[in-house]
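Novice: just to be clear, the model below is a prediction. Sequence and coordinates:
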Amino acid sequence: MSAPLFEKIALVGIGLIGSSLARVIRRERLAGEIAIATRSPATLARAEELGLGDSYSTEAATAVANADLVIVSVPVGSSGAVAAEIAPALKPGAIVTDVGSTKRSVIAQMQPLLPGNVHFIPGHPLAGTEKSGPDAGFADLFENRWCIFTPLPDTDPQALERLSEFWRRCGANIDTMDADHHDMVLAIVSHLPHIIAYNIVGTADDLETVTKSEVIKYSASGFRDFTRLAASDPTMWRDVCLHNKDAILEMLARFSEDLASLQRAIRWGDGEKLFDMFTRTRAVRRSIIDAGQEIDVPDFGRQVVEHPGAVMPAAKS
Ligand SMILES: NC(=O)C1=CN([C@@H]2O[C@H](COP(=O)(O)OP(=O)(O)OC[C@H]3O[C@@H](n4cnc5c(N)ncnc54)[C@H](O)[C@@H]3O)[C@@H](O)[C@H]2O)C=CC1
Ligand SMILES: O=C(O)C(=O)Cc1ccc(O)cc1
């Protein structure tokens, strides 16, 4: 049997993403040892019950000691606190990465605190569900999904290749881009859809006295799709909104302008404009499906994977 890719992997945070990693690392034998740390004793106990690792601690510093690869999978607003905790305990030469949904803020929080003798490579697997916690993870989560790295100017190519190989063995396809570009692309393909979902479900909930329980009774599949996204973890999405503020506000401004234009077309009975727009958007979905980007999502029908290249607005000049 060949040697594992890493002697010891430490997982800091063992929710949906951390526990999916634990499961695929075990299945693919990517580590000689899996050390798990998470802040909450109840979550840690559950991870142990599920047998996700080989050692367990509420102290991140304990888990990362002697680890060759450290993967931080916590809400992006906690990245700095985790970096401060692990910094003194990291092994020289270790690779430290994260999975956060925003990259500029994570880099700003972590990089200044990490020692210069480790390889910090920010990452983001574009794979997830609306669920959270250690029970929600599954080993196939990253299968045929993108993992984006936003390397820093001095990132060691060999460390990047080693981390890329790790994610490929987890089933992912690799892409690299700079952090600002990542944050803008993700704002439109992932952050705005969630914000729009939270908003529409909130509006429907506010109308509940008018509609009585009809929102639940008659919820057609369109509304149900929004409720799935709007059921996503509140802490995680609060942090995404606060930590990708600029890009999200820019995309929201564009979105609001386009919505006003749609509103005007409806008010003035401009059927041609509505038809043309709906025809254009139908083609976007077609091209995503043709690119092989449609996947199964556990217990919720079909979902279209966000692909960074698909709907990028023109760059600001
Ligand atoms: N949920 C999703 O679909 C995806 C999430 N992400 C990113 O992955 C990261 C983790 O998300 P999930 O696994 O979904 O969240 P989760 O809520 O399922 O798990 C978060 C874990 O972090 C732990 N934690 C929180 N603060 C901590 C701290 N200071 N020290 C140690 N542990 C701490 C929690 O106890 C929990 O185990 C987030 O940054 C999120 O943006 C990335 C891709 C998809
Ligand atoms: O559940 C869904 O549809 C998602 O879009 C999951 C997701 C959430 C956050 C990410 O940064 C990446 C993927």
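Specialist: Nice, thanks for sending it over. Ligands and ions are numbered 1, 2, ... in the order given.

Novice: enumerate the residues of the protein near ligand 1.
Specialist: Counting by Cβ under 6 Å from any ligand atom, the chain comes close to ligand 1 at 12-18, 38-40, 43, 60, 73-76, 78, 81-82, 99-101, 125, 127-129, 132-133, 233, 236, 240. Just so you know, the C-beta spots here come from the backbone N, C-alpha and C atoms, and that holds for glycine as well.

Novice: tell me which of the residues you listed fall in helices.
Specialist: Counting by DSSP state H, those place 16, 17, 18, 43, 60, 81, 82, 236, 240 in helices.

Novice: so of those residues, which two are at opposite extremes in space?
Specialist: In these, the most distant members under the criterion Cβ to Cβ are 60 and 240, with 21.5 Å between them.

Novice: what does the biggest helix by length in the chain rub up against?
Specialist: Counting by DSSP H, the longest helix found in the chain is helix 245-267. Under the contact criterion Cβ atoms under 8 Å, 6 or more residues apart in numbering, helix 245-267 has outside partners 180, 183-184, 186-188, 191-192, 195-196, 241, 270, 273-274, 277, 313.

Novice: how about stretch 35-54?
Specialist: Contacts to stretch 35-54, defined as Cβ under 8 Å, 6+ apart, come from residues 8-15, 18-19, 22-23, 26, 33-34, 55-60, 62-64, 67, 133-135.

Novice: recalculate using a threshold of 7 Å.
Specialist: The contact list for stretch 35-54, computed with Cβ atoms under 7 Å, 6 or more residues apart in numbering, reads 8, 10-14, 19, 22-23, 33-34, 55-60, 62-63, 67, 133-135.

Novice: now which of these would you call buried?
Specialist: Burial of these was assessed by neighbour count (16 or more other Cβ atoms under 10 Å); the buried members are 8, 10-14, 19, 22-23, 33-34, 56-57, 60, 62-63, 67, 133-134.

Novice: from those, which ones fall inside strands?
Specialist: With strands taken from DSSP state E, the overlap with the buried ones among the contacts of stretch 35-54 comprises 8, 10, 11, 12, 33, 34, 56, 57.

Novice: report the two of these separated the most.
Specialist: For those, the maximum inter-member distance is 14.9 Å, found between 12 and 33 (Cβ to Cβ).

Novice: all strands of the stretch 101-250 of the chain, in order?
Specialist: Secondary structure of the stretch 101-250 of the chain (DSSP state E, counting those that start in this stretch): strands at 119-121, 123-125, 146-149, 173-176.

Novice: thanks a lot, see you next time.
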